[in-house]
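S.K.: Structure, please.
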Amino acid sequence: MDISSYTTEDFVCDESFRNYCSGSDRAAVQFWKAWIRDHPEKTGEVREAERLISILNARQGNVQEQLEQLKDGILRFDLLKTTISGESEKAQAVRWRYVAGIAAAFLLLAVAFWLLTPGGRTVPGRTVAQEIRSGREPRKTVVLPDGSVVTLHSNTTLTLVEGFGNTGRELTLSGEALFDIAHGGQHPFIVHTSAVDVEVLGTLFNLNAYPQAGFTETSLFRGKIAVSLKDHPEQKVILTPSQKSVVFNSPGKIETAPGDSLLKKASLSVDPVNHKAKEIAWVRSRIKIEDEPLEAIAGRLQAWYGIPIVFADDETKGYRYSGTFESETVVKALEALQLSYPFNFRVEKDTIIIGK
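M.R.: Just a heads-up that it's a prediction; the model follows:
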């Protein structure tokens, strides 16, 4: 079958593509990287197939009939590729469509089961559309569909609801992340955690919600946000810049003395040396530049913030800069550089592209 005509299901059912996704076959990794680079028109199907394979791999430790059926369907799919190799081209095309349809049915059944079971990733009342993980990376920066920039700390997961950016802007956080929220018109930006819900229209804030930490801390640096308790939404605090709220919890249950407020509000902790808030020391980047080309600076930003940065032309790579600047997000860092030398940048598929 011609790879250029592959659907999402075809990619998922292709053993070589699955080996590429898992990184278990070096030859497959090299082949698919080159093929994907040469066929940008298939980016949508490829990314969706990668997401589905990731979802299914995450559940392999559980014995579930639907997943076993999927594995069996993929095995039969691979065996039939050998069986039909001697058929006529027309017969092969008919058989391929039939087998791909069966594999797709197994796939959709398994994914639907994964989303609906208690172990699946869900946001109350909404269907999950995408899950973003930082893994062991110290920082991973992503640009959400609404234009908001989020930098994830290590071992952090963001779960976006279906229609994020179009019908609403809700997500769930497990871990820690710095949010630089884009203004979204009618749709407020809402972050759910196990202890609190945070609602905002446009701001910069840090949210520390590691399940094992014993507390949830929300720190505000720009704008205004409302923080309410998950189990007691009537208890809410409004934060203004340089304030934070803290909820102490133990295995998902908030503890408090009789008569005490469950939500504690305090000022940010300031480092006595650099006078910066300690709450986001993990993400803040201070860069000193001495007549360096933009290409080298971009490499440093890429390594620190965990987001690929590429150039659309060679001329901008040679722009040279000197000075010192400090920024909490990669977008703000690039905007600071733009003040010294004009260039443009845009985000496509979680990659920053710099050009004239």
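
S.K.: Give me the pLDDT for residue 79.
M.R.: pLDDT, residue 79: 54.

S.K.: isn't there a helix covering residue 191?
M.R.: No: counting by DSSP: H, G, I helix; E, B strand; the rest coil, one finds residue 191 to be strand, located in no helix.

S.K.: Look at the nearest residue to it once chain neighbours are set aside and tell me its secondary structure.
M.R.: Spatial nearest neighbour of residue 191, chain neighbours left out: residue 198 (4.5 Å); criterion: CB to CB, 6 or more residues apart in numbering. From N, CA and C alone the C-beta is placed, and that goes for glycine too. When classified by three-state DSSP, residue 198 comes out as strand.

S.K.: hey, what's the residue nearest the centre of the chain bridged with?
M.R.: The structure's the chain has its C-alpha centroid closest to residue 132; by CA atoms, centre = their mean the separation is 3.0 Å. Beta-bridge partners recorded for residue 132 (DSSP bridges): residue 158.

S.K.: Quick check: buried residues in stretch 188-202?
M.R.: For stretch 188-202, burial by neighbour count (16 or more other CB atoms under 10 Å) applies to 188-198, 200-202.

S.K.: try stretch 149-161
M.R.: Those would be 149-154, 156-161, for stretch 149-161 by 16+ other CB under 10 Å.

S.K.: what about the stretch 101-250 of the chain, any weak spots by pLDDT?
M.R.: Applying pLDDT under 70 to the stretch 101-250 of the chain flags the ranges 101-129, 184-185, 201, 249-250.

S.K.: Quick one: the strands in it, in order.
M.R.: Ranges of strands in the stretch 101-250 of the chain, per DSSP state E, counting those that start in this stretch, are 128-133, 139-143, 149-153, 157-161, 169-180, 189-192, 196-200, 204-209, 215-222, 225-229, 236-239, 243-250.

S.K.: Direction included, what does the second one pair against?
M.R.: The reference is to strand 139-143. strand 149-153 (antiparallel).

S.K.: for the last one, same thing?
M.R.: Applying DSSP bridges to the sheet, strand 243-250 is found paired with strand 215-222 (antiparallel), strand 253-254 (antiparallel), strand 264-267 (antiparallel).

S.K.: what's the burial count for residue 346?
M.R.: 11 (other CB atoms under 10 Å).

S.K.: how much space between the residue lying closest to it once chain neighbours are set aside and residue 145?
M.R.: Nearest in space to residue 346, with sequence neighbours left out and distances taken as CB to CB, 6+ apart, is residue 353 at 5.4 Å. For residue 353, the distance to residue 145 equals 17 Å [CB to CB, to the nearest Å].

S.K.: Pipe the buried residues of stretch 188-202 into TSV and attach distance to residue 292 per row.
M.R.: Shown next, in TSV, are those (distance: CB to CB, whole Å):
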residue	distance to residue 292
188	41
189	35
190	40
191	36
192	41
193	40
194	43
195	43
196	42
197	43
198	38
200	36
201	37
202	33
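
S.K.: Now for these: which two are most distant?
M.R.: 194 and 202 (25.1 Å; CB to CB).

S.K.: winner for burial among the strands paired with strand 243-250?
M.R.: Most buried of those, by mean neighbour count (mean count of other CB atoms under 10 Å): strand 215-222, with a mean of 22.

S.K.: Off-centre distance for that one?
M.R.: 20 Å (CA atoms, centre = their mean, to the nearest Å).

S.K.: what angle separates that strand from strand 204-209?
M.R.: Here strand 215-222 points in a direction 180 degrees away from that of strand 204-209 (axes from the mean of the first three to the mean of the last three CA atoms, to 10 degrees).

S.K.: Now do strand 215-222 against strand 196-200, angle only.
M.R.: With the same axes, to 10 degrees as the basis, strand 215-222 and strand 196-200 are set at 10 degrees to each other.

S.K.: quick one, strand 215-222 and strand 225-229 angle?
M.R.: 170 degrees.

S.K.: Contacts for stretch 311-318, please.
M.R.: 293-295, 298, 343, 353-356 (CB atoms under 8 Å, 6 or more residues apart in numbering).

S.K.: end-to-end on that stretch?
M.R.: 11 Å (CA to CA, to the nearest Å).

S.K.: And that stretch, what's buried?
M.R.: 311, 316.

S.K.: for stretch 22-36, same thing?
M.R.: By 16+ other CB under 10 Å, the buried positions in stretch 22-36 come out as 28-29, 31-32, 36.

S.K.: Switch these over to CSV; also include secondary structure, distance to residue 224 and pLDDT.
M.R.: Converted to CSV, these look like this (DSSP: H, G, I helix; E, B strand; the rest coil; distance: CB to CB, whole Å; pLDDT from 0 to 100):
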residue, secondary structure, distance to residue 224, pLDDT
28, helix, 50, 84
29, helix, 46, 85
31, helix, 51, 88
32, helix, 46, 88
36, helix, 42, 88
